[in-house]
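1. what follows is a predicted structure for the sequence shown.
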Amino acid sequence: MKKMILARILIAGLLCAFLAGGCKKKTTGDPLNQDLLAGRPDSLDYIDFPGMNPDRFTTGTPVEGDYRPIYFAYDSSRVPSEERVKAEVVAQKMGEVGDAVLIVEGNCDERGSREYNLALGERRALAVRAYLIGLGIDSARIQTKSFGEESPVALGHDEASWRANRRGEFRLYN
């Protein structure tokens, strides 16, 4: 009888520990350069990459164009295939304006902690950057910035608003 009670207590304890561990927010496991994100969750600063001249990104004039945001799935930094054409439009414009530079801004919905969302926004911006580099854009012309949940375009607390806020935006400068 005593062994049975102890076994039930042990099973209940293990079950509680398992369920508590399951509440942790999961990451998408994107293979992007994760060391770029180390120690940066509280930062809204731009990421400077080797060979990049940060002054080029702050002194230029905006390049006009229809740069539509790339929308992401919940808790994901993978650029969806149906959204890639938007990055291709930006890449084409960058090819036309040979000295243009780009800032890719990563954004999230309000769910998750501020730190988590800053890191996720950064992963989203880095994913778009990686896609553009794959299209042939010089990496020194692309900078990233994360706003996390700090810059929503929709203020509701529903799926439609969250979907609109999970995005990567483009700022192109000449």
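-> Here it is on my side, so go on.

2. drop to CA atoms for contacts and neighbour counts, all remaining ones
-> OK.

3. Gly106 should be in a strand, yeah?
-> Yes - checked against DSSP: H, G, I helix; E, B strand; the rest coil, Gly106 lies within a strand.

4. can you tell me the closest non-neighbouring residue to it?
-> Closest residue to Gly106 apart from its sequence neighbours, by CA to CA, 6 or more residues apart in numbering: Gly121 at 4.1 Å.

5. pretty sure that neighbour contacts Ser151?
-> No - when contacts are counted by CA atoms under 8 Å, Gly121 is not listed as touching Ser151 (10.9 Å).

6. now list whatever residues contact both of those two.
-> Asn107 (CA atoms under 8 Å, 6 or more residues apart in numbering).

7. the two: which is more packed in?
-> Taking other CA atoms under 10 Å, Gly121 and Ser151 do not tie; Gly121 has more neighbours (31 against 15).

8. average pLDDT across stretch 100-115?
-> Per-residue pLDDT over stretch 100-115 has a mean of 96.

9. swap in stretch 77-84?
-> Averaged over stretch 77-84, pLDDT sits at 98.

10. could you do stretch 132-142 as well?
-> Here stretch 132-142 scores 96 as its mean pLDDT.

11. show me where the protein has its helices.
-> Shown for the chain, the helices assigned by DSSP state H span residues 2-22, 84-96, 114-134, 159-165.

12. which residues touch the nearest residue to Pro69 once chain neighbours are set aside?
-> Computed as CA to CA, 6+ apart, the closest residue to Pro69 that is not its neighbour in sequence is Glu169, at 4.7 Å. Contacts were defined as CA under 8 Å, 6+ apart; by that measure Glu169 touches 67-70, 104-106.

13. and those residues, which is closest to Ser146?
-> Using CA to CA, Gly106 comes nearest to Ser146 of those, at 4.7 Å.

14. that closest one against Phe170, yeah?
-> No - the pair Gly106 / Phe170 is not scored as a contact, 9.2 Å apart, by CA under 8 Å.
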